[in-house]
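Visitor: No sequence on hand, only this structure:
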């Protein structure tokens, strides 16, 4: 009732403003429709916490240092072995922090967990910006890895619960897709901006990255925990694990997590082969950054409209489309290694943009709010573990045989794993989870 009154008052004030001549803003009667459209579709329909989650996603993915990170390491005297070791330390820190961070989000609240993740992310970049030795970089990687694990899972869980508090959870794919697309757009444009800043010095992108990362701190601070999930703070570890076990025992739940994990690992793996593919296809290195930006824009646009695609096709066809398109991406790029084959990459990145928000939504549909962040952390943990096993094997196949061999094996393996994991979802109707008392 109070909310309705607030909306009514805000609406009346709004209409008074736009129908009055303002000498500073220049608002007149001709602007009424434009302002009304903005008020109706932006202020009224945006769910709580959405803007803050947008900012956190952008701060997380607007990575200015990515285009020059290897050059930065080498400029500070690191060998390639040391660089890869740092990335391994980062992955281990993420895996170790994944489940504990999910538990903290469920018992402590997503807002606090996201806030600490934002703080650690900023501290990690600060350490990088003032360091020049391997040991300091390793400390930064540990902090960044743990900080990233605090954000992953908690952001999606808070979005879903925020929508659920307003009985709008059926719109999750739409908003998850839009927020995911914001991250993809940020990643795309950051590549161009980072390359430009690197012309000043290789350390300059790190200085600017501090301010980008710090945006997430006030954004997380102003998040609001949905009232219907605040009770989770009182749960103990044993109760959380019990709920996770009961949730994971559902066939559909296991299916949703597995297909999301296999798909996440497949897209993450493919990203590491893109540069090798472009090199073998004969694309000039000068165009790598431009193409990387275009691929991420493709993913972002597809994520933005993923809810419409899923709504039009339905769950079964969407699942089959995701598995088939990603498999085709692996197989076709293994057969056609040429500049013309670059078009296949765009199809793969479209499927990636569709998969992330849709598959997260399927997980959320079967998850109790009390353990939502933990379950999503399980999904992220499985992605990292799958990649930890598959990545080195595919790397060996690439070095010992060829890129084509690695891509064929990856594509075939994903098709088998993906099809087997979606079978329970294909055979079962959607049954939303019942909240535990």
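Guide: Sure, I can see it. Remember, it's a predicted structure, so these values are computed and weren't measured experimentally.
Visitor: I'd like to know how many residues surround the closest residue to residue 190 other than its chain neighbours.
Guide: Ranked by Cβ to Cβ, 6 or more residues apart in numbering and with sequence neighbours excluded, the top spatial neighbour of residue 190 is residue 62, at 4.5 Å. From N, CA and C alone the C-beta is placed, and that goes for glycine too. Counted with other Cβ atoms under 10 Å, the neighbours of residue 62 add up to 24.
Visitor: Correct me if wrong: residue 62 contacts residue 188.
Guide: No: Residue 62 is beyond contact range of residue 188, at 9.6 Å (criterion: Cβ atoms under 8 Å).
Visitor: can you tell me which residues contact the spatially most central residue of the chain?
Guide: Geometric centre of the chain, nearest residue: residue 180, 5.6 Å, by Cα atoms, centre = their mean. Counting by Cβ atoms under 8 Å, 6 or more residues apart in numbering, residue 180 touches 57, 300, 303, 353, 356, 357.
Visitor: again, only this time at 10 Å
Guide: Remark: with contacts taken as Cβ atoms under 10 Å, 6 or more residues apart in numbering, residue 180 is in contact with 57, 61, 156, 299-300, 302-304, 306, 352-353, 356-357, 360.
Visitor: for those residues, which one is nearest residue 323?
Guide: residue 352 (12.5 Å; Cβ to Cβ).
Visitor: Report how many residues lie close to residue 151.
Guide: For residue 151, using other Cβ under 10 Å, the count is 26.
Visitor: how much space between it and residue 363?
Guide: Separation of residue 151 from residue 363 (Cβ to Cβ, to the nearest Å): 17 Å.
Visitor: that older thread, now do the contacts for the residue nearest to residue 190.
Guide: 182-183, 185-191, 193-194, 208-209, 212-213, 215.
Visitor: run the last query once more with 8 Å
Guide: 186, 187, 189, 190, 212.
Visitor: Check what pLDDT the second one gets.
Guide: At residue 187, the pLDDT value in this model is 81.
Visitor: what's next to the helix or strand containing residue 416, contact-wise?
Guide: Here residue 416 sits within helix 403-427, counting by DSSP states H and E. The contact list for helix 403-427 (Cβ under 8 Å, 6+ apart) reads 251-252, 254-256, 258-259, 262-263, 266, 269-270, 273, 276-277, 280, 315-316, 319-320, 322-323, 326-331, 333-335, 337, 362, 390, 393-395, 397-398.
Visitor: 7 Å - rerun?
Guide: 251-252, 255-256, 258-259, 262-263, 266, 269, 273, 276-277, 280, 315-316, 319, 323, 326-327, 330-331, 333-334, 337, 362, 394, 397-398 (Cβ atoms under 7 Å, 6 or more residues apart in numbering).
Visitor: Would you list the buried entries among those?
Guide: Buried subset of these (neighbour count, 16 or more other Cβ atoms under 10 Å): 252, 255-256, 258-259, 262-263, 266, 269, 273, 277, 280, 315, 319, 323, 326-327, 330-331, 333-334, 337, 362, 394, 397-398.
Visitor: List the contacts of residue 250.
Guide: residue 366.
Visitor: And it, how far from residue 428?
Guide: On the measure of Cβ to Cβ, residue 250 and residue 428 end up 10 Å apart.
Visitor: before we move on, back to that, and the residue nearest to the centre of the chain, how far is that from residue 203?
Guide: 30 Å.
Visitor: and what of residue 425?
Guide: 48 Å.
Visitor: out of those two, which sits in the busier spot?
Guide: residue 425 (23 against 19).
Visitor: Below-threshold pLDDT in the stretch 51-200 of the chain: ranges please.
Guide: In the predicted model of the stretch 51-200 of the chain, residues 67, 80-81, 84, 99 satisfy pLDDT under 70.
Visitor: try 90
Guide: 51, 57, 60-61, 63-75, 77-112, 148-200 (pLDDT under 90).
Visitor: For it, which segments are assigned as strands?
Guide: For the stretch 51-200 of the chain, applying DSSP state E, counting those that start in this stretch gives no strands.
Visitor: neighbours around residue 399, how many?
Guide: 10.
Visitor: element containing it?
Guide: helix 372-400.
Visitor: other SSEs contacting that helix?
Guide: Under the contact criterion of 3 or more Cβ pairs under 7 Å, 6 or more residues apart in numbering; DSSP states H and E, helix 372-400 touches helix 80-108, helix 154-164, helix 237-248, helix 251-281, helix 342-365, helix 403-427.
Visitor: ok now the longest one, how far from the chain's centre?
Guide: Helix 251-281 sits 13 Å away from the centroid of its parent chain (Cα atoms, centre = their mean, to the nearest Å).
Visitor: what's that helix packed up against?
Guide: Judged by 3+ Cβ pairs under 7 Å, 6+ apart, helix 251-281 is in contact with helix 288-304, helix 315-335, helix 342-365, helix 372-400, helix 403-427.
Visitor: Adding mean pLDDT and distance to residue 92, write these out as JSON lines.
Guide: Formatted as JSON lines, the helices and strands packed on helix 251-281 follow (pLDDT from 0 to 100; distance: least, Cβ to Cβ, whole Å):
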{"stretch": "helix 288-304", "mean pLDDT": "83", "distance to residue 92": "26"}
{"stretch": "helix 315-335", "mean pLDDT": "94", "distance to residue 92": "27"}
{"stretch": "helix 342-365", "mean pLDDT": "91", "distance to residue 92": "24"}
{"stretch": "helix 372-400", "mean pLDDT": "79", "distance to residue 92": "9"}
{"stretch": "helix 403-427", "mean pLDDT": "92", "distance to residue 92": "23"}
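Visitor: Can you tell me which of those is packed in deepest?
Guide: Sort the helices and strands packed on helix 251-281 by mean neighbour count, taking mean count of other Cβ atoms under 10 Å, and helix 342-365 sits at the top with a mean of 23.
Visitor: Could you check how far that one is from the centre of its chain?
Guide: That offset, for helix 342-365, works out to 11 Å (Cα atoms, centre = their mean).
Visitor: Compute the inter-axis angle for it and helix 315-335.
Guide: Relative orientation of helix 342-365 versus helix 315-335 (axes from the mean of the first three to the mean of the last three Cα atoms, to 10 degrees): 150 degrees.
Visitor: Kindly calculate the angle that helix 342-365 makes with helix 288-304.
Guide: Using the same axes, to 10 degrees: helix 342-365 against helix 288-304 is 40 degrees.
Visitor: and helix 342-365, what other elements does it pack with?
Guide: helix 172-197, helix 251-281, helix 288-304, helix 306-313, helix 315-335, helix 372-400.
Visitor: Minimum distance to residue 132: which of those helices has it?
Guide: Closest among those, once you apply Cβ to Cβ, is helix 172-197, at 18.2 Å.
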